[in-house]
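Chemist: Here is my input; please provide its structure:
(chains A, B and C)
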Amino acid sequence: MIPRENHEAGLPIAVLYCASRGMMLDRIAHIRETAMFAPRRYRHIVGNVRIVAVERASVRAEANYAVFETTYDQKTQIYNVGKYVDELVLADGGLKFRERLAVFDSSVIPTSLIYPI
Amino acid sequence: MIPRENHEAGLPIAVLYCASRGMMLDRIAHIRETAMFAPRRYRHIVGNVRIVAVERASVRAEANYAVFETTYDQKTQIYNVGKYVDELVLADGGLKFRERLAVFDSSVIPTSLIYPI
Amino acid sequence: MIPRENHEAGLPIAVLYCASRGMMLDRIAHIRETAMFAPRRYRHIVGNVRIVAVERASVRAEANYAVFETTYDQKTQIYNVGKYVDELVLADGGLKFRERLAVFDSSVIPTSLIYPI
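Modeler: Residues are numbered from 1 along each chain as shown, chains lettered A, B, ... in the order given. The predicted model follows:
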């Protein structure tokens, strides 16, 4: 999850950054076992996918997204909107993600950033 | 329209339940002829469809949705978000809905639930 | 950009109306060089496309949309929701827009209508 501001300037700092399987496992362990937070649900609406480039063994694709957050006894809120910038590779007879960036529009980070989007 | 809470627990109670053509006609008559409510518009954004299962004569599919409500002289609001869980059957050379569940995220029911989503 | 109210009544008045390349250039010049406004980003989520009619050299298609606005240091807001009503024509070996109407639901116009949606 990287702010659009940084992404467009070519700056790498992200608010949530998982570049390996280990970093993902770490994040999952954090969410499941150490973080304290009110239960919440994210609902993702992903728009039409645009294929940006097709190379020999990989595909670049983009899609706009909106994520809505619902917490108990509260109205649903807009949580985060932006654009997925994905790289997919051929593996095991299908397509797998090599990279997924969520480039988001807002400069305001919710205090409740629990799950990656 | 069934809360996600109930749906995931296998409980059948829904906030709006039409299991037959007669129940649908009843709902339509209610909206058209007996209900009193301020005019409103729902706008549905349905995300990409995922085919969950293909059987001999039926298809199960899911898609996330967000519904926005606009009333006169008011800003557009988030009305309801969730997931459609559909069963479609081959009939008359095309696909028709046998069942559509709208499994919604919120535990808060708007007081103005007029139209099914 | 035309209110649904007018569009459904067959009335042509729109809040933003560009019927030629010149009118578009005029709008672009206005936004780039004369308008004063806080920086903002619009994020479009376009739902599944429905082909309404296929004629010899043109296609009519519709899709629901939701546009979200993000300004600096503010939470993302719902900006405008509605339906695109498009006419596309075969040109140069591909499809090009002959007309795009954004038929929007709300009767409330944001004071900050800068970019067409």
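Chemist: so who does the residue positioned nearest the centre of chain A touch?
Modeler: Centrality entry for chain A: nearest residue to the mean C-alpha point is residue A:117, 3.5 Å, by CA atoms, centre = their mean. Residue A:117 sits next to A:1, A:42, A:44, A:65, A:67, A:79-80, A:102, A:104 when contact means CB atoms under 8 Å, 6 or more residues apart in numbering or on different chains. No exception for glycine: its C-beta is placed from N, CA and C like everyone else's.
Chemist: In strands, which of those appear?
Modeler: Members of the contacts of residue A:117 lying in strands (criterion: DSSP state E): A:42, A:44, A:65, A:67, A:79-80, A:102, A:104.
Chemist: Of those - the most surrounded one?
Modeler: residue A:104 (27 neighbours; other CB atoms under 10 Å in any protein chain shown).
Chemist: hang on, residue A:31 in a strand?
Modeler: No: per DSSP: H, G, I helix; E, B strand; the rest coil, residue A:31 lies outside any strand segment and is helix.
Chemist: Give the burial count for it, as a bare number.
Modeler: Count around residue A:31 with other CB under 10 Å applied: 13.
Chemist: again, but for residue A:1
Modeler: By other CB under 10 Å, neighbour count at residue A:1 equals 18.
Chemist: tell me how far the ends of stretch A:87-106 are from each other?
Modeler: 23 Å (CA to CA, to the nearest Å).
Chemist: Flag every buried residue along that stretch.
Modeler: For stretch A:87-106, a neighbour-count test (16 or more other CB atoms under 10 Å in any protein chain shown) marks A:87-88, A:101-106 as buried.
Chemist: ok, it near chain B or not?
Modeler: No: if you take CB under 8 Å from any CB of the partner chain as the test, stretch A:87-106 misses chain B, and the best it gets is 14.4 Å.
Chemist: ok, the helix or strand containing residue A:61 near chain C or not?
Modeler: Assigned by DSSP states H and E, residue A:61 falls within strand A:58-71. Yes: shown here: strand A:58-71 in contact with chain C (CB under 8 Å from any CB) through A:64-66.
Chemist: Which residues are in contact with residue A:19?
Modeler: For residue A:19, counting by CB under 8 Å, 6+ apart, there are no contacting residues.
Chemist: where's it relative to chain C, distance?
Modeler: Counting by CB to the nearest CB, to the nearest Å, the separation of residue A:19 from chain C is 26 Å.
Chemist: cool, and residue A:93?
Modeler: Distance, residue A:93 to chain C, by CB to the nearest CB: 27 Å.
Chemist: Next: residue A:37.
Modeler: From residue A:37 to chain C the distance is 19 Å (CB to the nearest CB).
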